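**Q** need a 3D model of the sequence below.
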Amino acid sequence: MPTAQLADVADPSLVLLTVEEAARRLSVGRTTCFALVRSGELESVMVGRLRRIPADAIPAFANSLRIIRRSA
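**A** This is a model prediction of the structure:
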(Lines give C-alpha, C1' and ligand atoms only; values in the text may rest on other atoms or scores of the structure.)
Protein backbone atom coordinates (compact mmCIF):
# COMPACT_ATOMS: atom_id res chain seq x y z
CA MET A 1 0.00 0.00 0.00
CA PRO A 2 1.51 3.41 -0.94
CA THR A 3 2.55 5.66 1.93
CA ALA A 4 -0.18 8.22 1.16
CA GLN A 5 -2.87 5.55 1.56
CA LEU A 6 -1.36 4.39 4.85
CA ALA A 7 -1.44 7.97 6.10
CA ASP A 8 -5.14 8.23 5.19
CA VAL A 9 -5.98 5.12 7.19
CA ALA A 10 -4.03 6.21 10.25
CA ASP A 11 -4.66 9.98 10.17
CA PRO A 12 -6.99 10.65 13.12
CA SER A 13 -7.28 14.33 12.18
CA LEU A 14 -9.53 13.58 9.20
CA VAL A 15 -13.13 14.47 10.05
CA LEU A 16 -14.71 13.42 6.76
CA LEU A 17 -13.49 10.46 4.73
CA THR A 18 -13.97 9.52 1.11
CA VAL A 19 -15.76 6.24 0.54
CA GLU A 20 -12.42 4.71 -0.44
CA GLU A 21 -10.77 5.88 2.81
CA ALA A 22 -13.70 4.54 4.84
CA ALA A 23 -13.48 1.22 2.99
CA ARG A 24 -9.78 0.94 3.84
CA ARG A 25 -10.51 1.65 7.52
CA LEU A 26 -13.20 -1.03 7.51
CA SER A 27 -11.03 -3.45 5.50
CA VAL A 28 -13.76 -3.90 2.91
CA GLY A 29 -13.91 -3.16 -0.78
CA ARG A 30 -15.10 0.09 -2.31
CA THR A 31 -18.24 -1.56 -3.71
CA THR A 32 -19.14 -3.02 -0.31
CA CYS A 33 -18.64 0.37 1.32
CA PHE A 34 -20.92 2.04 -1.25
CA ALA A 35 -23.53 -0.67 -0.57
CA LEU A 36 -23.33 0.04 3.18
CA VAL A 37 -23.83 3.75 2.49
CA ARG A 38 -26.71 3.08 0.08
CA SER A 39 -28.48 0.85 2.61
CA GLY A 40 -28.06 3.42 5.38
CA GLU A 41 -25.97 1.07 7.55
CA LEU A 42 -23.00 3.44 7.24
CA GLU A 43 -23.73 7.12 7.77
CA SER A 44 -22.71 9.52 5.04
CA VAL A 45 -23.16 13.18 4.18
CA MET A 46 -23.04 15.19 1.00
CA VAL A 47 -20.55 18.04 0.73
CA GLY A 48 -21.65 19.75 -2.44
CA ARG A 49 -21.68 16.89 -4.93
CA LEU A 50 -19.21 14.77 -2.94
CA ARG A 51 -20.21 11.84 -0.72
CA ARG A 52 -18.25 11.75 2.55
CA ILE A 53 -18.28 9.46 5.58
CA PRO A 54 -17.90 11.11 9.00
CA ALA A 55 -14.86 9.56 10.71
CA ASP A 56 -16.92 8.80 13.82
CA ALA A 57 -19.38 6.79 11.70
CA ILE A 58 -16.75 4.04 11.31
CA PRO A 59 -16.63 3.01 15.00
CA ALA A 60 -20.40 3.54 15.27
CA PHE A 61 -20.93 1.07 12.42
CA ALA A 62 -18.52 -1.44 13.99
CA ASN A 63 -20.35 -1.15 17.33
CA SER A 64 -23.70 -1.72 15.62
CA LEU A 65 -22.32 -4.96 14.15
CA ARG A 66 -21.25 -6.09 17.62
CA ILE A 67 -24.68 -5.31 19.08
CA ILE A 68 -26.44 -7.17 16.28
CA ARG A 69 -24.14 -10.17 16.74
CA ARG A 70 -24.77 -10.26 20.51
CA SER A 71 -28.54 -10.21 20.08
CA ALA A 72 -28.53 -12.99 17.46
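**Q** contacts only, for Ser27.
**A** Contact criterion C-beta atoms under 8 Å, 6 or more residues apart in numbering gives no residues in contact with Ser27. (C-beta placed from N, C-alpha, C; glycine too.)
**Q** any idea how far Val45 is from it?
**A** In this structure, Ser27 lies at 22 Å from Val45, with C-beta to C-beta, to the nearest Å as the measure.
**Q** next one: Ala23
**A** The value you get for Ala23 to Val45, if C-beta to C-beta is used, is 16 Å.
**Q** give the next helix or strand downstream of the helix or strand bottoming out on mean pLDDT in the chain.
**A** Averaged element by element with mean pLDDT, DSSP states H and E, the chain has its least confident helix or strand at helix 3-10 (a mean of 57). Sequence-wise, the next helix or strand downstream of helix 3-10 (DSSP states H and E) is strand 16-17.
**Q** okay, now the unreliable bits of the protein?
**A** In the prediction, the chain carries residues with pLDDT under 70 at positions 1-10, 72.
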